[in-house]
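Trainee: Provided below for reference: sequence and predicted model.
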Amino acid sequence: MAVLNRAAELQEEVTGWRRHLHAHPELLYDVNETAAFVAEHLGQFGCDEVVTGIGRTGVVGVIKGSRGAGETIGLRADMDALPITEATDVPYKSTVSGKMHACGHDGHTAMLLGAAKYLAETRNFAGTVAVIFQPAEEGGGGGDAMVKDGMMERFGIDRVYGMHNMPGMPVGSFATHAGPAFAATDEFRITIEGKGGHAAMPHNCVDPIVAGAQLVSAFQTIASRNTDPGAPVVVSVTQFHAGNAHNVIPASAEISGTVRTLAPEARSMAEQRMRAIADHVCQAMGATARLTWRPGYPVMVNHPDETDVSIEAARAISGEAAVGTKLPPIMGGEDFAYMLNARPGAMILIGNGDSAGLHHPAYDFNDEIIALGISYWARLAEMNPAR
C-alpha cells in the first residue's frame, strides 16, 4: 500500500483526536464541543478560512493550493454520534451515558482533520479544498441543512466527495460504484381504530390487533408482488403497540416502520400501495386506518465521473485489487445524498476490518485505517486538475 509518509507520521496524533471524540459523543445538531474542537484545529493548521455555524453547527475549512487555479472540491465528514449505550471496555469509551460513536463518525472526522493538516502544510494541489464537517447525519438531515444554508455557493464548491467506514471489509480495501448507492429512507406510522371490549367476546369488538397483523403480512406483497425484482424495495414494520391488559381487546393499535427504495418510481409506488392496503384491509375488517408518511433521506446517487476519480485515488493508495468497483447498493440511508443532489460527487467505503457492525453497542472505529483515509483524501486533492 502506498500510504503517504506524512499520513503515517500523523497516525498517532490523529488517533488521539479520534479517541478524544469517541469519549465525548454528541447527538444530531448538538455537536457544539465537537465543532469547536474541529474549528480550533483547523485554525491551528493555518487554513485560509474557517467558518462555523453552517447548517446550524457545521464547520467548513478552506485550504488554497499552490499549483495554480482549479476547481474547488469539497471533502465531507460527519460529526454526530448515536443514542446508544456503549458496550466496550476500551479506555477511551464514551463518558456520556446513553451516547456513543457507534457508526465511526469520530473516525471520519479525525481522518479529515488529519488530511486538512497535511493539505495545509503541503498545498501541493491546484484549486481549493473545502473540508466539510457536518452535524446530524443520524436522522437529522444535517447535509440538507448545510446545502440549504448556501454552503455550495458560498465556498464555490464544484464537486464533493464522501467516505464511510464499513465493518467486514478488509483493512486496506475500498469499494464504490456509480449510480444509486444508498437507499431513500422513509418512515410510516399507522393508527388503527377498532372497537374495544372483553377478550372473551370478540364478536362484540373490532380487533385492531388482528387488523394490524393482516397489514404486517400484506405489506410484504409490495416488494414481492408490486415491485420489479430488479428494483429493491424493503418494507419493515419495526414497532407494533396495542393494549395493556391480557383480557381486553383494545380500541386502537399503532404500527410503524421504514420503507427503503432505490428509485423515485419505487418510492412513490410503495407509499401508494401502503395507503391502499391499509385503507382496504382495515375497512374489510370493520376498522379504520390513518397513515402518516414521513419522507426521509433521498436515494444517494454517485456520479459516474467522480466515482471514477474516487476509484483512481483509492487505487493509488491500495492498489487495483483492493478497490471494489461493483459494490451492491446498500439499503441503509446516507444524507450525503443531499450534497450529491446539489453537486456532482461520489462516496467511497473504506474497510474497517473484522469489527462489530455499524450501530452496534460493541462497534469501534479501527484506528489502523486512519493513515489510509488521510492518504485517500490527500490523493483526491492532489488529483484536482489545474485550469
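Mentor: Received the coordinates, thanks.
Trainee: Ignoring the adjacent residues along the chain, who's closest to the residue positioned nearest the centre of the chain?
Mentor: By C-alpha atoms, centre = their mean, the chain has its centre lying nearest to residue 334, at 3.2 Å. Leaving aside its chain neighbours, residue 334 sits nearest to residue 182 (3.9 Å; criterion: C-beta to C-beta, 6 or more residues apart in numbering). Backbone N, C-alpha and C define where each C-beta goes, glycine included.
Trainee: Settle this for me: that neighbour is touching residue 338, isn't it.
Mentor: No: with contact defined as C-beta atoms under 8 Å, residue 182 does not reach residue 338; the gap is 11.7 Å.
Trainee: who touches both of those two?
Mentor: With contacts taken as C-beta atoms under 8 Å, 6 or more residues apart in numbering, residue 182 and residue 338 have residue 297 as neighbours in common.
Trainee: low pLDDT regions in the protein?
Mentor: 1 (pLDDT under 70).
Trainee: Specify the helix with the largest residue count in it.
Mentor: For the chain, the helix that runs over the most residues, judged by DSSP state H, is helix 264-284.
Trainee: residues in contact with it?
Mentor: Contact with helix 264-284 is made by 184, 186, 188, 190, 192, 211, 214-215, 218-219, 221-222, 226-227, 231, 233, 235, 259, 261, 288-289, 291, 293, 299, as judged by C-beta under 8 Å, 6+ apart.
Trainee: From those, which land in strands?
Mentor: The strands, defined by DSSP state E, take in 184, 186, 188, 190, 192, 233, 235, 259, 261, 288-289, 291, 293 from the contacts of helix 264-284.
Trainee: now, the most widely separated pair of those?
Mentor: 184 and 288 (28.1 Å; C-beta to C-beta).
Trainee: Which residue of those two possesses the greater neighbour count?
Mentor: residue 184 (23 against 17; other C-beta atoms under 10 Å).
Trainee: Name all residues that make contact with the nearest residue to residue 176 once chain neighbours are set aside.
Mentor: Once flanking residues are discounted, residue 176 sits nearest to residue 348: 4.3 Å by C-beta to C-beta, 6+ apart. Shown in contact with residue 348 (C-beta under 8 Å, 6+ apart): 161, 162, 163, 164, 174, 175, 176, 310, 311, 314, 376.
Trainee: Surely residue 222 touches residue 234?
Mentor: No: applying C-beta under 8 Å, one finds residue 222 not in contact with residue 234, separated by 9.6 Å.
Trainee: Have a look at these two and say which one is more surrounded.
Mentor: Neighbour tally, residue 222 and residue 234, criterion other C-beta under 10 Å: the higher count belongs to residue 222, 22 against 16.
Trainee: hang on, residue 336 packs against residue 76?
Mentor: Yes: between residue 336 and residue 76 there is a contact under C-beta under 8 Å: 6.4 Å.
Trainee: which residues do these two both contact?
Mentor: Both residue 336 and residue 76 are in contact with 143, 162, where contact means C-beta under 8 Å, 6+ apart.
Trainee: Could you give the number of residues near residue 106?
Mentor: Residues lying near residue 106 (other C-beta under 10 Å) number 29.
Trainee: Oh, that last question was meant for residue 272, not what I typed.
Mentor: By other C-beta under 10 Å, 12 other residues sit near residue 272.
Trainee: Sweet, I'm off.
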